[in-house]
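S.K.: My questions are about this predicted structure, shown below with the sequence.
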Amino acid sequence: MTLLLKDNSNWLQVQRYWELLHVLVFRTLKVRYRGSFLGVYWSLLNPLIMTGLYTAIFGATFASYYGNSILNYVLAAFTGLVVINFFSASTTQALSSVVNNGALLNKIRLPVSVFPVSMIAANVFQFAVGVLPLLVVMTLINSKSIINVIALLLPFLALILVSIGVGFLVSALYVFFRDLPYFYELVVFVIWISSPVFYPAAIVPKTVKQFLALNPLSPIIESIRQLTLSGTLPDLSLIGSALLSGIIIMSLGWVCFQLWRHQFMDLL
């Protein structure tokens, strides 16, 4: 009987967390796109413009690394940009989520972790509606394989895990260090420039590549490119590397968040 009551209590907590997450995601999207003409499809504007800019500047130079095809470079640059944009937007919004809801947390007892998670989830919805259909079409055209299309979900899952882990970490740190956003802008820039977004990973010298390998977004970008641009079956080593990085970073972020959580209320 005690075990049954405990199971019911855990289930009620999960259900309550899910309902609260749904409310927060809906509120975030409603506020973000209120009065907007294109809504979530504005998320496509930045990567499309930046892809055109990179193609104009670097397309002719780097096309040789993509089968001497400018179109392949366009697709490669686009996939890199959507990954870095998702990570940057999600984690930057998650950073201030706990502090911004400090007044609410002081009035109502809520699971604190739901706030950074809701920011990531709102961007997941935005990505799934805006960017993912384009990636699916690109993959079908280039690979002509439904297996590659289904496999796209795995590096995307890895991207979500990385973003959640970093979101937990930075949202917790921001409670203690209110000047963190200025430092985090620099961190995001370093991650962006060290990711093979507008350049192929093949041009990076071996002495530098070992340091760039620490970037968790690199295997995600390379995995998505392999699925969308090649006609071969999914590279399981790339996908495995991306998922492993995601699991490690999410676990680290969750542990830090839980260790520091009891100190939040004194500082909010």
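M.R.: Received it, and whenever you're ready, just let me know what you need.
S.K.: quick check: domain ranges of the chain?
M.R.: 1-31, 52-267 (automatic domain parsing).
S.K.: Ranked by average pLDDT, which of these falls at the bottom?
M.R.: Between these, the lowest average pLDDT goes to domain 1-31, which shows a mean of 77.
S.K.: from the chain's centre, how far out does that one sit?
M.R.: 23 Å (Cα atoms, centre = their mean, to the nearest Å).
S.K.: Could you pull out the buried residues of that domain?
M.R.: Within domain 1-31, the residues that count as buried by 16 or more other Cβ atoms under 10 Å are Leu20, Leu21, Leu24, Val25, Thr28, Leu29. For every residue, glycine as well, the C-beta is placed using N, CA and C.
S.K.: Give me the subset of the residues you listed lying in strands.
M.R.: Among these, DSSP state E puts none in strands.
S.K.: re earlier: save the domains of the chain as CSV, and put in distance to Leu45 too.
M.R.: Compiled in CSV, these are given as follows (distance: least, Cβ to Cβ, whole Å):
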stretch, distance to Leu45
domain 1-31, 17
domain 52-267, 10
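S.K.: Please work out which of the ones you listed is packed deepest.
M.R.: domain 52-267 (a mean of 18; mean count of other Cβ atoms under 10 Å).
S.K.: Quick one: end-to-end distance for that one.
M.R.: 45 Å (Cα to Cα, to the nearest Å).
S.K.: For it, what is the distance to the chain centroid?
M.R.: The answer for domain 52-267 is 3 Å, by Cα atoms, centre = their mean.
S.K.: hang on, the earlier thing: between the domains of the chain, which one is closest to Trp42.
M.R.: Closest of the domains of the chain to Trp42 is domain 52-267, at 8.2 Å (criterion: Cβ to Cβ).
S.K.: Please, where are all the helices along the protein?
M.R.: Assigned helices in the chain, in chain order: 2-32, 45-62, 70-95, 97-100, 102-107, 114-130, 132-143, 146-151, 153-176, 180-193, 206-212, 217-229, 236-260, 264-267 (criterion: DSSP state H).
S.K.: Including distance to Pro200, could the ones you listed go into TSV?
M.R.: Formatted as TSV, the helices of the chain follow (distance: least, Cβ to Cβ, whole Å):
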stretch	distance to Pro200
helix 2-32	34
helix 45-62	6
helix 70-95	7
helix 97-100	35
helix 102-107	44
helix 114-130	24
helix 132-143	17
helix 146-151	20
helix 153-176	18
helix 180-193	15
helix 206-212	12
helix 217-229	9
helix 236-260	15
helix 264-267	43
